[in-house]
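Visitor: Test case, fold it:
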Amino acid sequence: MVQGVPILLVRRSGRLFALADTCSHFGAPLSEGKLVDNCIECPYHASRFDLEDGHVVNGPAVHPQPCLEVRANAGQIEVRKAPWSNS
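Guide: Numbers count the residues shown, from 1 in each chain. Next comes the predicted model:
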């Protein structure tokens, strides 16, 4: 959780990614979805969002998934709001 917002954390190929956990399409918890290539797939309607920047790879979602900056620091995972982009 970051400021009351549930966050999905993914470690893939040695990298960390952080996206809002609530799907922009219908509010599903993306943490219950599955990883497909470099995307998270929504468990409700199979929308896919790119882990890098949250853009929609496959609908029915039309809005990107908000992303956060993430890093590992001294054994802790830190996230913060990313600079304004597509979200």
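Visitor: Model confidence for residue 48, exactly?
Guide: We have a pLDDT of 98 for residue 48.
Visitor: list the contacts for it?
Guide: 36, 39-42, 56-58 (CB atoms under 8 Å, 6 or more residues apart in numbering). All C-beta spots, glycine's among them, are computed from the backbone N, C-alpha and C.
Visitor: Show me which parts of stretch 67-77 are buried, residue by residue.
Guide: 67-68, 70 (16 or more other CB atoms under 10 Å).
Visitor: My error: substitute stretch 54-65 in the last question.
Guide: For stretch 54-65, by 16+ other CB under 10 Å, it's 54-57, 61, 64-65.
Visitor: need the strands for the protein, in chain order.
Guide: Assigned by DSSP state E, the chain shows strands spanning 7-12, 15-20, 34-36, 39-41, 48-50, 56-58, 67-73, 76-81.
Visitor: Which other helices and strands does the third one contact?
Guide: For strand 34-36, the contact count by 3 or more CB pairs under 8 Å, 6 or more residues apart in numbering; DSSP states H and E identifies strand 39-41 as packing neighbours.
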